[in-house]
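In: Next come a sequence and a model predicted from it.
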Amino acid sequence: NAGVTQTPKFQVLKTGQSMTLQCAQDMNHEYMSWYRQDPGMGLRLIHYSVGAGITDQGEVPNGYNVSRSTTEDFPLRLLSAAPSQTSVYFCASSLDRGLYEQYFGPGTRLTVT
Amino acid sequence: GQQVMQIPQYQHVQEGEDFTTYCNSSTTLSNIQWYKQRPGGHPVFLIQLVKSGEVKKQKRLTFQFGEAKKNSSLHITATQTTDVGTYFCAGPGGGNKLTFGTGTQLKVEL
């Protein structure tokens, strides 16, 4: 099993550009989530999904969209990148939200200039 | 909404010294999880505590869940350079969310 995979590993965007961060898992997990990590801020939840076709907002959803058409994939879209979105983005999956361990992907380091 | 705070934010220790990080939630938690993130890496699950007053050990690591299920601690005995990283606690928030603490960054010096 590959676990949770994320692409790309690094990305540089210019302000106003859009892009999609990819996340996939092969563990048949229902719960998937996106976090951003900034120095001193810990991990902040952006969006999450409890199953295919169901998504909901986390703590910091503004500027991001998600969809969950399959159990395996949970892409994160940046609509119009801003320097404030410079961060490390982690995708995670779990059997259940808070009852089971979260498996994290390797992360995407995004810089917006 | 739920807040999960950790102290200290940073800790520098000499190798062989003990280390403790504390996690405090604004609400009662049904369970609490601990993760470790090595520099440049991703968070990796360490353990989950469920019962009030629960204590679990993993080699030199001791995890405790408070009696009121609103706080938790991680204690490392005789730190080693391999313990370097950031330690996070996490607990179920409102709805289907998992809320992570702010993390404690541990540096171990020889």
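Out: Sure thing, it's come through.
In: Write down the beta-bridge partners of B:His75, one by one.
Out: With beta bridges defined as DSSP bridges, B:His75 has these partners: B:Thr20, B:Thr62.
In: Apart from its chain neighbours, what residue comes closest to A:Tyr35?
Out: Beyond its immediate neighbours in the sequence, the residue positioned closest to A:Tyr35 (Cβ to Cβ, 6 or more residues apart in numbering or on different chains) is A:Leu43, lying 4.3 Å away. C-betas here are computed from N, CA, C, even on glycine.
In: ok, that neighbour - contacts?
Out: By Cβ atoms under 8 Å, 6 or more residues apart in numbering or on different chains, the residues touching A:Leu43 are A:Tyr35, A:Arg36, A:Gln37, A:Phe90, B:Pro43, B:Phe88, B:Ala90, B:Phe100, B:Gly103.
In: The same query, at a cut-off of 7 Å, please.
Out: By Cβ atoms under 7 Å, 6 or more residues apart in numbering or on different chains, the contact list for A:Leu43 reads A:Tyr35, A:Gln37, A:Phe90, B:Phe88, B:Phe100.
In: Run a quick neighbour tally on the first one.
Out: A:Tyr35 has 26 neighbouring residues, counting by other Cβ atoms under 10 Å in any protein chain shown.
In: do the second one as well
Out: Residues within reach of A:Gln37, counting by other Cβ under 10 Å, total 21.
In: My reading is that it lies in a strand. Confirm?
Out: Yes - assigned with DSSP: H, G, I helix; E, B strand; the rest coil, A:Gln37 falls within a strand.
In: For beta bridges, what are the partners of it?
Out: In this structure, A:Gln37 bridges to A:Leu43, A:Val88 when assessed by DSSP bridges.
In: before we move on, the earlier item: and the contacts of A:Leu43, which two are the farthest apart?
Out: A:Phe90 and B:Phe88 (11.4 Å; Cβ to Cβ).
In: Which member of the contacts of A:Leu43 is positioned nearest B:Tyr10?
Out: Of all these, the one sitting nearest B:Tyr10 is B:Phe88; the distance, using Cβ to Cβ, is 13.8 Å.
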